[in-house]
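> Sharing a model prediction with you, sequence too.
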Amino acid sequence: MTNSITTSPSFIIQLREQIEYPSAGVLSKVLLKDNACQYSLFCLAANTDISEHTSTRNATINVIEGRGLLTLSGEDIALEAGVFIFMPPNAPHALKAEENLTFLLILSEKVADSN
């Protein structure tokens, strides 16, 4: 399920107030979107799996609370509050929430090399 929050030109939000865990699966909220980036809050119920996939955009994950496991290009990364991860475009990744897990996902366009 996806929810969206309407924004004005400036945007301030308390992320912890936006956390809502579904009884099963994933609840994502697009907090802000512009031509270059999309900022989404993901809330995963415990024992939820997101199967391996890729994205054509740069992505960052900033874990807010909970625990899980991210498999990024074959490497297992423990997810816990405070962990920040950068994923380049087309990197295969999958995720498992070991307990209720919330993270901020930012998708951004890759800046073209100037060479």
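Structure received. Please read all numbers here as calculations on a predicted model, not as lab measurements. Numbers count the residues shown, from 1 in each chain.
> what does the strand or helix carrying F103 rub up against?
Using DSSP states H and E, F103 sits in strand 101-108. Where contact means CB atoms under 8 Å, 6 or more residues apart in numbering, the residues beyond strand 101-108 that reach it are 15, 19, 21, 28, 31, 36-44, 46, 48, 55, 57-68, 79. In short, each C-beta sits where N, CA and C put it, glycine included.
> Which ones among those residues lie within helices?
Using DSSP state H, the members of the contacts of strand 101-108 that fall within helices are L15.
> so who does P92 touch?
Remark: with contacts taken as CB under 8 Å, 6+ apart, P92 is in contact with 52-54, 72-74.
> same deal with N58?
With the criterion set at CB under 8 Å, 6+ apart, N58 makes contact with 86-89, 107-110.
> 6 Å instead?
Contacts of N58 were listed using CB atoms under 6 Å, 6 or more residues apart in numbering, and they are 108, 110.
> Would you point out the helix or strand in the chain whose mean pLDDT is lowest?
For the chain, the helix or strand with the lowest mean confidence is strand 2-4, at a mean of 59 (criterion: mean pLDDT, DSSP states H and E).
> circling back: of the contacts of strand 101-108, just the buried ones, ChimeraX syntax please.
The following ChimeraX selection, which keeps only the buried ones among the contacts of strand 101-108, applies the criterion 16 or more other CB atoms under 10 Å:
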select :19,21,31,38,39,40,41,42,43,44,48,57,58,59,60,61,63,64,65,66,67,68,79
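> quick one on the thing from earlier: who does the strand holding F103 pair up with?
Note on strand 101-108: by DSSP bridges, its sheet partners are strand 37-44 (antiparallel), strand 58-65 (antiparallel).
> Take these and lay them out in JSON lines including distance to E98 and mean pLDDT.
JSON lines is the format used below for these (distance: least, CB to CB, whole Å; pLDDT from 0 to 100):
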{"stretch": "strand 37-44", "distance to E98": "10", "mean pLDDT": "96"}
{"stretch": "strand 58-65", "distance to E98": "12", "mean pLDDT": "97"}
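> Run through the bridge partners of L41.
Per DSSP bridges, residues listed as beta-bridge partners of L41: K29, L104.
> swap that for L79, sorry
For L79, the beta-bridge assignment (DSSP bridges) gives partners G68.
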